[in-house]
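A.B. asks: pasting a predicted model and its sequence here:
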Amino acid sequence: MRKISVVIPCFNEEEALPVYYSEMCKVMRRMPGTEFELLFVDDGSSDRTLAVLKGLCEADRRCKYLSFSRNFGKEAALYAGLKNAQGDYVATMDVDLQDPPGLLPEMYRILEEEAYDSVATRRATRTGEPKIRSFLSESFYKFMNRISKTEIVNGARDYRLMKRKMVDAVLGMSEYNRFSKGIFEWVGFRTKWLEFQNVGRCAGETKWTVKKLFLYSLEGITGFSVAPLSLAAVVGVLFCILAFFMILVIVVRTVIWGDPVSGWPSLACIIFLVSGIQLFCTGIVGQYLSKTYLETKHRPIFILKDSSEEDERTHEKVSV
Ligand code: UDP
Ligand code: MG
């Protein structure tokens with residue numbers, strides 16, 4: 001019998017968890033020929049998420065949990081989940097029902113019957129999302145795909161079902177600065193895309209502020225493209241050419257009309273412009289340098305504080 005592991009990152013999701021679990025139970029009932037493992041990852045929640053998870057794990061042997069020592073972010077939670085998942089197939093899914101669990105049987109059927117290694121999902125629409133957020137996201141995908149060889153699908157969710165081989169490949173990329181949408185593409189394998197209509201959160205609030213999203217998009221850009229690093233060189237060359245012609249013009253003008261002291265405001269503007277561009281380029285180099293710096297420290301991607309396995313071990317000791 002095939003085993004499907006579902007990795008579910010949870011950060012302050014006490015309200016969404018029970019709704020998600022009952023929805024998942026319905027889906028699991030629709031797939032009688034498979035064994036399930038629901039692997040919840042508590043990403044350092046400060047509400048009752050962990051207590052709810054412990055309750056679920058006690059009531060249902062298919063549920064397991066990992067709990068972080070602090071909030072490490074969704075990417076770290078996904079990595080921890082994939083690392084601990086034991087299934088032949090592994091799915092990653094949000095807990096807020098924005099990734100409809102009802103698609104899982106179809107995804108499973110595709111992997112079983114068709115020659116694909118993974119089934120991924122994307123939102124066909126962004127209805128219900130603030131306009132400015134949609135605009136920024138769309139611009140990000142356009143920019144990203146222009147400067148990176150790794151194609152990031154617009155509207156792609158982190159909701160997908162993968163075969164074991166692909167999971168192992170993803171785990172092989174143990175970088176500290178993680179951008180899953182890029183990693184899933186980078187490892188290759190044959191992926192089928194399913195589309196679904198955007199749905200709102202079932203409970204609770206989004207954990208992503210515009211600032212967090214912006215930093216995350218930088219992660220994507222620096223993680224999967226080095227094109228911005230060439231910006232300084234390109235702009236530098238353009239400015240050299242421009243300067244050459246300006247020198248020519250000034251020399252000719254001085255020879256013909258003499259050199260009255262004038263034009264300092266334009267000079268000041270040029271100095272401001274060029275030093276602005278220089279600082280901007282240094283900033284880009286700084287971004288890459290800081291990522292490299294963090295990467296060379298080899299810090300762990302997550303730190304576990306508690307897990308259902310540990311719980312079981314202590315229970316066993318007590319009962320012995
Ligand atoms: N999440 C997480 N750690 C975080 C932020 C979010 O594990 O630091 C989880 C969250 O519990 C949810 C999923 O990641 O299961 C997606 O988060 P959210 O719904 O807030 O994002 P959105 O759907 O608005 O992009
Ligand atoms: Mg969500």
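C.D. replies: On my side now, so go ahead. Ligands and ions are numbered 1, 2, ... in the order given.
A.B. asks: make sure Leu294 is actually in contact with Glu219.
C.D. replies: No: if you go by Cβ atoms under 8 Å, Leu294 and Glu219 don't touch, sitting 11.0 Å apart. (C-beta placed from N, C-alpha, C; glycine too.)
A.B. asks: which residues are in contact with both of these two?
C.D. replies: Asn177 (Cβ atoms under 8 Å, 6 or more residues apart in numbering).
A.B. asks: who's more crowded, these two?
C.D. replies: A count of neighbours by other Cβ atoms under 10 Å puts Glu219 above the other of Leu294 and Glu219, at 18 against 13.
A.B. asks: now for the more buried one: which residues touch it?
C.D. replies: Asn177, Arg178, Phe179.
A.B. asks: now these as a markdown table including pLDDT?
C.D. replies: Converted to a markdown table, the contacts of Glu219 look like this (pLDDT from 0 to 100):
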| residue | pLDDT |
| --- | --- |
| Asn177 | 86 |
| Arg178 | 88 |
| Phe179 | 90 |
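A.B. asks: top of the residues you listed by neighbour count?
C.D. replies: For those, the largest number of neighbours (other Cβ under 10 Å) sits with Phe179, at 23 neighbours.
A.B. asks: Provide a list of residues in contact with that one.
C.D. replies: Applying Cβ under 8 Å, 6+ apart, the residues near Phe179 are Glu75, Tyr216, Glu219, Gly220, Gly223, Phe224.
A.B. asks: distance of the residue lying closest to the fourth one once chain neighbours are set aside from ligand 1?
C.D. replies: It refers to Gly220. Counting by Cβ to Cβ, 6 or more residues apart in numbering, Phe179 is the residue found nearest to Gly220 once chain neighbours are left out, at 4.5 Å. For Phe179, the distance to ligand 1 equals 14 Å [Cβ to the nearest ligand atom, to the nearest Å].
A.B. asks: and what of Cys57?
C.D. replies: Using Cβ to the nearest ligand atom, one gets 17 Å for the distance from Cys57 to ligand 1.
A.B. asks: backbone phi and psi for that residue, please?
C.D. replies: Note on Cys57: backbone dihedrals following degrees, to the nearest 10 are phi -70, psi -30.
A.B. asks: count the residues that sit near it.
C.D. replies: That count, for Cys57 with other Cβ under 10 Å as the rule, works out to 19.
A.B. asks: residues touching it, list them.
C.D. replies: Taking Cβ under 8 Å, 6+ apart, we find Cys57 in contact with Cys63, Lys64, Tyr65, Ser308, Asp311.
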